[in-house]
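J.: Model the following, please.
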Amino acid sequence: MSEIKTDQGAPALTVGSTQGRWLLAAAVIGSGMTYLDGTVVTVALPIMHGDLGATFLSMQWVISAYALFLSALLLVGGALGDNWGLRRVYVIGIALFAIASLLCGVARDAEELIIARAIQGIGGALLVPGSLALLNAAFALGERSKAIATWSALAAVAPGLGPWLGGWITDTLSWRWIFFINIPLALIAIGILLGCVRETPHAKGLKRLDWGGATTVTPGLGGSVFGFIESGRLGFMHPAVIGSLFGGVALLLLFCLIERRVEQPMMPLSLFRSTTFVGVNAVTLFLCFGLGGTFFFLPFLLIEVRGYSAMGAGAVLLPTILCIVVLSRWAGTIANRIRPRTMLVAGPSLAAIGFLMFGFTDARGNYWTDLFPAAMVVGLGLAATVAPLSTTVMAAASASRSGVASAINNAVSRTASLIAIPILGVIVLAASNAELDRQFGGLGLSSELREQLSGERLKLAAAEIPETVGPSLRKALGASIDAAFLVGYRRAMFVTAALAILGAIFGALLIEAPHRGRRNE
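T.: Got it, this is the predicted structure:
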C-alpha cells in the first residue's frame, strides 16, 4: 500500500503516531500560552493597579497593548510562516513571547509593563497562526479534522482557565507569576519543535513581505481603540477622540487599498471571493466580540457587585470550559457527517442564549440557578462552533495559503475581542451614568456630594463613596452604584447576544456545503 502524503507531498502524520502526538503537544502549548495570556491578566488588574501606582487608563492599555499588536500583526505572522517555514517562525514567536513574559514579570511601573505586553503581542502574532497551519500541513487529509478538533478542545481550555488561574496565582503567589509561568512552557514547546517536528516542506525562502499593510493596519487599529477608550473620559466630541477615530478608520481603509494593489498582500483579498471564507469569519467576528465582552465585564459584576473573590470569579466560567473540552472533538466528528454550516448556525445561536442568560442575572442571584446554567449554555454553543469553524476556515483556502488563512481568522477573533472592550465600555458607561442620575435624583444629595461622586463615575461598580457619608446614606449610595452598573452590564450582554445571532445569520447565508465550496489558489 502506498504511503499517504500531505498536500505538499511529504509523508503524512496520523493523530495516533508518536510524531503526530508531539506536534499536537507543541501546537497546543504554544497557542495555549497566548490564549491564556489573553484572559489570565483580567482578574489581576486591580492588584497590578495598586502595586504599580497606575491609573485605570493604564490598566486598560495593559490589556489593549497585547491585543492590539497580536491582532494587527497576525497576518504578518501567517505570511512569514508561509514564506520562511512554519516551524521556524513558530519557534521564533514562542521565544519572543517568553522573553516578553519575563519583562512583564519584572516590570517596575505601568509603562514598562505596557511595552512588554506589546512585545508579547508581537511574539503571539508569530506563533498563533503557525500552530494551526502546522497541523494542516503535516496531517493526512482524513486525520486533519481529528487533529484540529483535538487542538481546538485543548487550546480552548486556556482562555477559560485564565481568569481562575490568574486569581489563584495572584492570591497565593504574586501577579508577576502569571507571566513567569510562560517561560517553562515555552522551553518545553521549543524543545519539542526542534527535537521532534520537521520543517514544512513547502517553505520557499524569503519573499517580499507586505510591510505597507503592516504599517497601516497597526496604527489604524490602535487609533480606533484609543478613540473608543478615551471617549469614556473625554467624550466623543473631544478633538483627540475625533482625530483618533477618523485617523484610525482612514488608515484601515488605506490598508484595504494597499492589499488590493501589492503583489504579495498580507491579507489576500482573493480569499474573500469564497462566500464560505467570508461567512466563517463573520461568525468568528460576532461570536468572539460577545465572548471578549463577557470575559471582561462579568468579573466586575461578580467581584464588585456580588462580592466574589478573584479566584471564585474566575471559576464561574469553568463549566463553559468543561463543555468545550468534553464536546469539541465530538462536534468535529459530527460536523464531518453533516454540513458544517449547521453547526456554525446552531453554535452561535446557543451562545447567544447563554449571553442573554448572563444578562438577566442580578446583584443577589444564586450561582446554581443563574450563572451555572448560563455558563453551560455558552459552553455548549462554543463546543459546537470551535472545531467546525477551524476546519471550515482551512478548507476554504488552498494548502499553500493555510498559514495566512489561519492568520486572518485568528486576527478576526483577536480584533473582535480588542474592539469589544472599548465599544461595550462606552455602552456600559452611558447606561450606568444615566441610571446613576436617576438613582441619585431620588436621594436628595447635596451639590457638594454630587461633585465628589462625579469623579468616581469612570470606576463604575468600583466607585468609592466619601468617608464623610453616614451609614444609611452610604448603604443607599452603594446600592445605587451597584444598580447602575447592573443596568450597563445588562445592556452590554444584550448587545453581545444580538451580535451572536447576527453571526449565526451570516453563517446560514454564506457558508456553503462542502461539495459546493470553492478553494482559492
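J.: just checking, next helix/strand downstream of the worst-scoring helix or strand of the chain on mean pLDDT?
T.: When the helices and strands of the chain are compared on mean pLDDT, DSSP states H and E, helix 141-155 comes out lowest with a mean of 71. Where DSSP states H and E defines the elements, the next helix or strand beyond helix 141-155 is helix 157-172.
J.: Spell out, range by range, the helices that occur in the stretch 251-400 of the chain.
T.: 275-300, 310-315, 318-337, 340-359, 372-395 (DSSP state H, counting those that start in this stretch).
J.: With respect to A118, which of the ones you listed lies nearest?
T.: Checking those against A118 by Cβ to Cβ gives helix 275-300 as the closest, at 18.6 Å. To be clear about C-beta, it is placed using only N, CA and C from the backbone, and glycine gets the same treatment.
J.: Would you pull up how far stretch 441-453 lies from the middle of the chain?
T.: Remark: stretch 441-453 is offset 39 Å from the chain centroid, using Cα atoms, centre = their mean, to the nearest Å.
J.: Just list the residues touching W330, thanks.
T.: A383 (Cβ atoms under 8 Å, 6 or more residues apart in numbering).
J.: gap between it and N281?
T.: Counting by Cβ to Cβ, to the nearest Å, the gap from W330 to N281 is 24 Å.
J.: domains in the chain, as residue ranges please.
T.: As assigned by automatic domain parsing, the chain contains the domains 16-209, 211-261, 273-456+466-521.
J.: would you list the ones you listed in CSV and tack on distance to M267?
T.: Shown next, in CSV, are these (distance: least, Cβ to Cβ, whole Å):
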stretch, distance to M267
domain 16-209, 5
domain 211-261, 5
domain 273-456+466-521, 6
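J.: where among these is the average confidence lowest?
T.: Looking at the domains of the chain, the lowest mean pLDDT belongs to domain 16-209 (a mean of 79).
J.: quick one: F236 is in a helix?
T.: No. Under DSSP: H, G, I helix; E, B strand; the rest coil, F236 falls outside any helix and is assigned coil.
J.: Spit out the contact partners of it.
T.: By Cβ under 8 Å, 6+ apart, the neighbours of F236 are I242.
J.: Now do the phi/psi pair for it.
T.: Backbone torsions for F236, taken as degrees, to the nearest 10, come to phi -70, psi -20.
J.: what's near enough to touch the residue nearest to V280 when sequence neighbours are not counted?
T.: Using Cβ to Cβ, 6 or more residues apart in numbering and skipping the chain neighbours, the partner closest in space to V280 is T392 (4.9 Å). By Cβ under 8 Å, 6+ apart, the contact set of T392 is T276, V280, P340, L344, I511.
J.: any chance of those residues in a markdown table, with neighbour count and distance to P239 too?
T.: Formatted as a markdown table, the contacts of T392 follow (neighbours: other Cβ atoms under 10 Å; distance: Cβ to Cβ, whole Å):
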| residue | neighbour count | distance to P239 |
| --- | --- | --- |
| T276 | 25 | 43 |
| V280 | 32 | 39 |
| P340 | 26 | 47 |
| L344 | 30 | 43 |
| I511 | 29 | 43 |
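J.: Max pairwise distance over these: which two?
T.: The widest separation within the contacts of T392 (Cβ to Cβ) is 9.9 Å, between T276 and L344.
J.: Overlap in contacts, the two.
T.: Common neighbours of T276 and L344 (Cβ under 8 Å, 6+ apart) are T392, I511.
J.: Thanks again, I'm all set now.
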